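Peer 1: give me coordinates for this.
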Amino acid sequence: MTSPLLALPGAVAGNGVDAPVAAHYGSFNGEQRALESGEGFVDLSHHDVLRIEGPDRLTWLHNITTQHLTDLQPGVLTQALILSPQGHVEHEFRGTDDGDALTVWTEPGRSGALVEFLERMKFMMRAEITDVTAEHALTWRPVTGHRLVPRAELTTYAAAAGPAAGLVEAVRAGGTVTVCSQCAARRSLTEADLVDGARIAGAVAFTELVLRDGVRALVY
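Peer 2: Residues are numbered from 1 along each chain as shown. Okay, the predicted model is just below:
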């Protein structure tokens, strides 16, 4: 599934199975340094996502994968492999259980084959498998690791998770966020696309902000 972040200025698509997401956004080395420092965000939204429900889900998966899952606690990240009779890796997935269902992600384009295998192995086990790739997007950040976010909110999440996230929060805490009306028009943005409390205004508004009593800084 193609990421909406590929439409961002400077986005360069990845290669092969990674083509639906950006390899970088115009500054490969700068983005790498940001990640190494604990900042930034990686778009992995092209990975397939499955939701596995049913009272037998963990016992069943415990029996057919390499992972011990019968005692898996809610919110604990796990990884499992499915091997061939010869010991070759056929499928791999990672995810967390929330007490009602196990939500996992696997490699791009692999959900179909994984679901087909799991359906064949269900027998009488009470488990239901749903492909929820259209609803959830996989992300990664240096501090928090992998996280699934609502796909409809991916663009907003990426903006807040970027290297400038701390600056935006600092400005919002002590001032206001105003987006240039010409810049907004070029990007087809409305105030509904902005963070809470931000507004769109023209040059006159910027001048008024700068000339207000008590203004100490203008971040542009």
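Peer 1: give me the mean pLDDT for stretch 124-132.
Peer 2: Mean pLDDT, stretch 124-132: 97.
Peer 1: how far off centre is it?
Peer 2: 24 Å (Cα atoms, centre = their mean, to the nearest Å).
Peer 1: could I get the buried residue list for that stretch?
Peer 2: For stretch 124-132, burial by neighbour count (16 or more other Cβ atoms under 10 Å) applies to 125, 127, 129, 132. In short, each C-beta sits where N, CA and C put it, glycine included.
Peer 1: which element is the third one on?
Peer 2: Okay, so that is Ile129. strand 128-131 (DSSP states H and E).
Peer 1: partner strands of that strand, with direction?
Peer 2: strand 48-53 (antiparallel) (DSSP bridges).
Peer 1: contacts for the strand or helix carrying Ile200, please.
Peer 2: Element membership for Ile200 (DSSP H and E) is strand 199-201. By Cβ atoms under 8 Å, 6 or more residues apart in numbering, the surrounding residues in contact with strand 199-201 are 176-181, 184, 189-191, 194.
Peer 1: now do the strands in the protein.
Peer 2: Assigned by DSSP state E, the strands in the chain fall at 12-13, 22-24, 42-43, 48-53, 78-83, 89-97, 101-106, 128-131, 136-141, 145-150, 178-180, 199-201.
Peer 1: tabulate these (TSV), appending distance to Ala159.
Peer 2: Converted to TSV, the strands of the chain look like this (distance: least, Cβ to Cβ, whole Å):
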stretch	distance to Ala159
strand 12-13	18
strand 22-24	14
strand 42-43	12
strand 48-53	22
strand 78-83	29
strand 89-97	25
strand 101-106	22
strand 128-131	27
strand 136-141	12
strand 145-150	12
strand 178-180	12
strand 199-201	16
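Peer 1: how near is the closest residue to Ala11 other than its chain neighbours to Arg33?
Peer 2: Nearest non-adjacent residue to Ala11, counting by Cβ to Cβ, 6 or more residues apart in numbering: Ala22, 4.2 Å away. Using Cβ to Cβ, to the nearest Å, we find Ala22 at a distance of 17 Å from Arg33.
Peer 1: those two: who's more crowded?
Peer 2: Here Ala22 and Arg33 are compared on neighbour count by other Cβ atoms under 10 Å; more neighbours surround Ala22, at 22 against 13.
Peer 1: just the pLDDT at that one, thanks.
Peer 2: As predicted, Ala22 sits at a pLDDT of 92.
Peer 1: residues in contact with the spatially most central residue of the chain?
Peer 2: Closest residue to the average C-alpha location of the chain: Thr139 at 2.8 Å, with Cα atoms, centre = their mean. For Thr139, the contact set (Cβ under 8 Å, 6+ apart) comprises 41-45, 146-149, 154, 157-158, 161.
Peer 1: then Ala184?
Peer 2: Ala184 touches 190, 200, counting by Cβ under 8 Å, 6+ apart.
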